[in-house]
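Novice: Sequence first, predicted model second:
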Amino acid sequence: MLGTNKSERAVRDGLPVCFPRLWRFCASLTGRKDHADDLAQKTCLRAIEKAALFEPGTHLDRWLFTMARRIWINDMRQAAIRQTASFTDEGQPDVDDKKPDVETNILAREVFTRMNALPEAQRAAALLVFVEGYKYSETAEILDIPIGTVMSRVSAARKTLTHQVYPATNRSVAGATDRRK
């Protein structure tokens, strides 16, 4: 019983610290601010309900990200069965910053817009690696996929984002590559 109290305390104390990153991850999964809000809230509720399963001293953020991904997958499955959910893009997630300057907000919005255009699988892997700074092995654990799949998704996301940011450069590089064949 004492371990359960420590687990619950660790989860309750850690949620406010992890929430901004959790919400950002949820936004990468859902692609919509309102869905990210709902998913983050569901994840927090589930974390509190399942707090006894958390091991204090381990990575709460990874535990929450894994939980959020599983909730999202279950929600998508349920929506597909009911065929009532709409997953159209109705806007980009807002970037909340307590002391934002204009340039930072513009750049952050542009990054999220470009990342939001990626397929969901690439978006989640890219966010965990590029934004959250996880290693490929940690990302694989969170997403419950092989490390090679993470590497492939991150590589594809990087290539897509590079083509979006530097389209002229990539055409000349692609042309040079094609001439060598």
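Specialist: Arrived safely, thanks for sending.
Novice: Enumerate the positions of stretch 134-141 that are buried.
Specialist: Under the neighbour-count criterion of 16 or more other C-beta atoms under 10 Å, stretch 134-141 has 134, 136, 138-141 buried. The way it works is simple: take the backbone N, C-alpha and C, and place the C-beta from them, glycine included.
Novice: Relative to residue 46, how far out is the residue positioned nearest the centre of the chain?
Specialist: With distances taken as C-alpha atoms, centre = their mean, the residue of the chain nearest its centroid is residue 25 (3.0 Å). Distance of residue 25 to residue 46, computed by C-beta to C-beta, to the nearest Å: 14 Å.
Novice: One more: residue 22?
Specialist: Taking C-beta to C-beta as the measure, residue 22 and residue 46 are separated by 12 Å.
Novice: Report the next helix or strand after the helix of greatest length in the chain in sequence order.
Specialist: Ranked by residue count under DSSP state H, the longest helix found in the chain is helix 2-30. Past helix 2-30, further along toward the C-terminus, the next helix or strand under DSSP states H and E is helix 33-49.
Novice: got the buried residues for that next one?
Specialist: Across helix 33-49, burial judged by 16+ other C-beta under 10 Å covers 33, 35-36, 39-40, 42-44, 47.
Novice: name the helices or strands packed onto that helix?
Specialist: Packed against helix 33-49 by the contact rule (3 or more C-beta pairs under 8 Å, 6 or more residues apart in numbering; DSSP states H and E) you find helix 2-30, helix 60-82.
Novice: Quick one: closest of these to residue 110.
Specialist: Nearest to residue 110, of all the helices and strands packed on helix 33-49, is helix 2-30, at 14.8 Å by C-beta to C-beta.
Novice: Tell me where the model's unsure across the protein.
Specialist: Screening the chain residue by residue with the criterion pLDDT under 70, one finds the ranges 1-4, 82-105, 107-108, 168-181.
Novice: make it 50
Specialist: 1-2, 84-89, 97, 172-181 (pLDDT under 50).
Novice: Ignoring the adjacent residues along the chain, who's closest to residue 55?
Specialist: If you skip the residues right next to it in sequence, residue 55 has residue 7 as its closest partner in space, 7.1 Å away by C-beta to C-beta, 6 or more residues apart in numbering.
Novice: can you tell me which residues contact that neighbour?
Specialist: Residues counted as contacts of residue 7 (C-beta atoms under 8 Å, 6 or more residues apart in numbering) are 51-56.
Novice: at 10 Å what do you get?
Specialist: With contact set as C-beta atoms under 10 Å, 6 or more residues apart in numbering, residue 7 has these partners: 50-56.
Novice: Next: residue 11.
Specialist: Remark: with contacts taken as C-beta under 10 Å, 6+ apart, residue 11 is in contact with 18, 44, 47-54, 56, 60, 63-64.
Novice: was I right about residue 26 contacting residue 18?
Specialist: No. Here residue 26 does not reach residue 18: they are 11.6 Å apart, not a contact under C-beta atoms under 10 Å.
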